[in-house]
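Asker: Here is a sequence together with a model predicted from it:
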Amino acid sequence: MRIVRGRVVGNTVVLEGEPPPDGSAVSVFVEESTDGFHLDEASIKELLEARTEVRL
């Protein structure tokens, strides 16, 4: 897993850097303010566990 930043341009997500391979499953987290957000280790763990549950 890796984290990639991007922006929505014309209803399309445009990623920074090397794009993931075709067919990759992705999750999108939308920043609702210009302040950004910070995830501590517990929050990262919770997000990864939730993502696993969604795949089941």
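Answerer: Nice, thanks for sending it over. Just so it is clear, the model here is predicted, and its values are computed rather than measured.

Asker: Could you use CA atoms for every contact and neighbour count after this?
Answerer: OK.

Asker: How much space separates residue 26 from residue 35?
Answerer: Note on residue 26: its distance to residue 35, by Cα to Cα, to the nearest Å, is 23 Å.

Asker: between the two, who's got more neighbours?
Answerer: Each of residue 26 and residue 35 has its neighbours counted (other Cα atoms under 10 Å); residue 26 has more, 11 against 7.

Asker: Tell me how many other residues crowd residue 31.
Answerer: Using other Cα under 10 Å, the number of residues around residue 31 comes to 9.

Asker: Surely it touches residue 8?
Answerer: No. Taking contacts as Cα atoms under 8 Å, residue 31 lies outside contact range of residue 8: 11.3 Å.

Asker: intersection of neighbour lists for the two?
Answerer: Counting by Cα atoms under 8 Å, 6 or more residues apart in numbering, no residue touches both residue 31 and residue 8.

Asker: how close does residue 23 get to residue 3?
Answerer: Distance, residue 23 to residue 3, using Cα to Cα: 17 Å.

Asker: Helices along this structure, start to end?
Answerer: 41-55 (DSSP state H).

Asker: What is the least confident helix or strand in it?
Answerer: Every helix and strand of the chain was ranked by mean pLDDT, DSSP states H and E. The lowest is helix 41-55, at a mean of 80.

Asker: Determine the set of other helices and strands touching that helix.
Answerer: For helix 41-55, not one helix or strand is in contact under the criterion 3 or more Cα pairs under 8 Å, 6 or more residues apart in numbering; DSSP states H and E.

Asker: from the chain's centre, how far out does that helix sit?
Answerer: Once both centres are worked out by Cα atoms, centre = their mean, to the nearest Å, helix 41-55 turns out to sit 12 Å from its chain's centre.

Asker: now stretch 33-43
Answerer: Here stretch 33-43 is found 12 Å from its chain centre; the criterion is Cα atoms, centre = their mean.
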